[in-house]
Every structure is written in C-alpha cells, then in structure tokens.
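Peer 1: Take a look and give me a structure for this.
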Amino acid sequence: MDRLRAFEVFVAVVSRQSFARAAEALDTSPANVTRYIADLEAHLGTRLLNRHSRKLSLTESGEALFERAKSILDDMAEAEAISASSGLAPRGRLRINAPLSFGLLHLAPLWPRFWALHPEVELDVSLIDRVVDIVEEGFDLAIRISRSGSTQLAARKLASSHNIVCASPDYLRRRGTPTTPADLAGHDCIGYTYWATGDEWQFRDDAGDQHGVRVRCGMHSNNGDTVVQAAVAGMGVICQPSFLLGPHLRAGRLVALLPGYHLPDIDVLALYPSRRHLSAKVRVMVDFLAEQFSGVAPWDRD
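Peer 2: Below is the predicted model of the structure:
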C-alpha cells in the first residue's frame with residue numbers, strides 16, 4: 001500500500017464528506033477510494049470512518065489521523081513548491097495557539113493583514129489560556145505570555161508587557177489607596193488562576209529590595225478579561241499585564257497603584273518546534289508578527 005497516497009485519499013474523503021466526490025477530485029474511481037480506505041484501516045488495525053447512509057463521521061482514531069495526515073500533505077505541498085521555485089508563496093494550514101484575551105485583543109486584528117499578504121496560508125487559530133504541548137497537540141506555532149521561553153522549543157521575542165497593580169477610582173474612594181505592597185494585605189484583591197506565584201505578589205522597589213505580600217482574594221478567574229472587568233466594577237485590586245490594562249488606565253476606569261514598586265515584566269513570545277527545519281509558513285508568520293509588534297508595543301502607545 002502506498003501510505004502517502006492512502007493519506008491523500010483519506011483526507012480527500014473527509015474534506016469532501018463523500019467517497020464519490022473524493023474520487024472525482026483525485027481523478028480516480030470510487031472503487032479505488034474505497035480500497036485505499038479499507039487498506040489503510042487494515043494497516044492501522046482500527047476503523048477511521050463511520051459510514052452512515054447520507055454522511056460520514058470520523059472515529060476518535062480517524063480524527064487524530066486526519067489532523068496529522070493533513071499536516072503532512074500540506075508540508076509536502078509546501079516543500080514541493082519551495083523546490084520548484086523559491087519565489088512561490090508559503091501555503092498550507094498553519095495551526096496557531098494563543099492565550100484567549102491576547103488573541104482577541106491583539107492578534108485578531110492582524111489576521112486580515114497577514115492573509116492579504118499570504119492568501120495560500122490557511123489559518124487555524126486556537127485560543128486557549130492553558131499552556132499547550134505544541135508538538136503533542138499538533139500546533140505549528142504558539143504565542144505565549146511568559147517570563148521565560150522554553151528549553152525544548154525555539155522562541156522569538158515579539159514584545160514586552162508590564163505587570164501593573166491597579167483598582168477603580170470607586171474602589172479607592174471606598175477603601176483607600178495602598179501605598180506599599182504590605183498595605184495590600186488589608187485590601188480586597190482579585191486573583192488570576194495562572195499567576196506564577198499564586199496569591200503571593202512579589203515586588204521590587206527602586207533600590208532593588210524585594211517585597212512579597214500574600215493578598216486576600218475574594219474572587220479568582222482563569223481569564224484576564226474577567227479579572228479586569230471585575231476591577232473596573234469596583235470589586236478590588238488586581239495585578240494584570242499592560243496589554244489588557246492600557247485602554248482602561250488611559251480612560252481612567254482604573255488607576256495604577258504603588259509607584260516605586262515594580263512587578264516582573266513578561267515577554268510575548270512566538271514559540272515553534274525547530275529553527276533548523278522551520279517551514280516557510282511559520283517563518284513568514286513569525287516575521288510578520290515581529291514586524292507588527294516592533295518598536296513601542298501597541299498597548300503602550302498613546
């Protein structure tokens with residue numbers, strides 16, 4: 001069995017939801033398509049497709065194979081295009097993972113610009129706040145907000161973001177304004193589930209001395225936008241990155257606190273599996289994002 005051809009047939013059947021339409025697209029007979037699918041299932045020892053009277057559906061094994069097989073075929077098509085002519089545009093599906101809030105606020109407006117430059121690249125964007133395993137979960141590229149990169153992945157820094165402690169004017173009128181990190185222990189705070197040090201907020205003053213305080217959180221959330229909106233509504237003090245807070249600080253809905261005390265900055269990183277065999281579609285995306293975030297970061301611009 002020609003496994004590469006079998007993958008091509010399998011992907012065509014799934015994409016077109018029909019053995020007959022797949023046969024037409026591949027310029028072969030429905031009988032050949034049926035044979036390839038049967039041989040592939042026999043080779044793998046598992047059923048890939050559930051055949052119903054009017055539609056096809058993937059089994060769990062079929063779903064896993066479809067993602068990988070399509071990626072393999074896309075990479076092959078891209079490799080052939082590069083070999084044929086270095087001037088041909090990158091192509092194929094590009095699977096990107098990014099944090100939810102950052103993806104909505106700062107990446108979503110960029111996709112139309114990228115697609116206008118590279119229309120042959122099919123964007124598949126997944127917004128998940130948890131840290132994904134890029135290789136295991138089949139992503140080509142991940143945007144990660146982190147104080148450090150990865151020892152196992154290639155990384156390119158796109159921008160930096162400041163962590164800022166702030167609260168609404170209404171909250172500060174009611175509860176007073178903290179002037180030192182220690183004062184936060186007596187305030188209502190709103191915690192972020194994925195904060196690296198949990199409810200222990202670590203500051204450094206202008207002299208370089210460290211100040212840690214355990215805050216009391218009446219609310220936690222795994223989503224930064226939720227934390228910010230709760231603070232705008234007057235629920236308490238928060239610590240969040242400037243890429244979320246910029247518009248609220250400029251509009252006066254939130255007030256930055258504790259001048260002279262600083263939290264560690266975080267980097268916006270593009271992570272990908274390998275520098276050595278970087279595909280054209282990943283390369284152009286990383287270069288595009290680096291250009292878009294060059295200079296002063298969008299969230300720090302007036």
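Peer 1: so what does the helix or strand containing Phe7 touch, helix or strand wise?
Peer 2: Here Phe7 sits within helix 3-16, counting by DSSP states H and E. Packing contacts for helix 3-16, counted by 3 or more Cβ pairs under 8 Å, 6 or more residues apart in numbering; DSSP states H and E, involve helix 19-25, helix 30-44, strand 56-58, helix 60-84. Where C-beta positions appear, they are placed from N, C-alpha and C, glycine not excepted.
Peer 1: Spit out the contact partners of the residue sitting nearest the centre point of the chain.
Peer 2: The residue lying closest to the centre of the chain (Cα atoms, centre = their mean) is Ala98, at 1.1 Å. Contacts here follow Cβ atoms under 8 Å, 6 or more residues apart in numbering; on that basis Ala98 touches 107, 125-127, 142-143.
Peer 1: So His248 is in contact with Ser242, correct?
Peer 2: No - counting by Cβ atoms under 8 Å, His248 stays clear of Ser242, with 10.3 Å between them.
Peer 1: For this structure, which residues score under the pLDDT cut-off?
Peer 2: Low-confidence segments of the chain (pLDDT under 70): 1, 53-54, 77-89, 147-152, 274-277, 302.
Peer 1: redo that, cut-off 50
Peer 2: Low-confidence segments of the chain (pLDDT under 50): 84-86.
Peer 1: Could you list the domains of it?
Peer 2: 3-84, 92-159+267-300, 163-264 (automatic domain parsing).
Peer 1: Compare the contacts of Ala98 and tell me which is most surrounded.
Peer 2: When the contacts of Ala98 are compared by neighbour count (other Cβ atoms under 10 Å), Ala142 ends up highest, at 25 neighbours.
Peer 1: Give me the contacts around the strand or helix carrying Phe203.
Peer 2: Using DSSP H and E, Phe203 falls within strand 200-205. Identification of contacts with strand 200-205 by Cβ under 8 Å, 6+ apart yields 165, 181, 184, 210-215, 239, 258, 260-264.
Peer 1: Among these, list the two that are farthest apart in space.
Peer 2: Arg214 and Gly260 (20.6 Å; Cβ to Cβ).
Peer 1: ok, these two, which is more surrounded?
Peer 2: When Arg214 and Gly260 are compared on other Cβ under 10 Å, the one with more neighbours turns out to be Arg214, at 13 against 10.
Peer 1: how far away is the residue nearest to Asp225 when sequence neighbours are not counted from Lys70?
Peer 2: In this structure, Asp225 finds its nearest non-sequential neighbour in Ser101, 4.8 Å apart by Cβ to Cβ, 6 or more residues apart in numbering. Distance from Ser101 to Lys70, counting by Cβ to Cβ, to the nearest Å: 29 Å.
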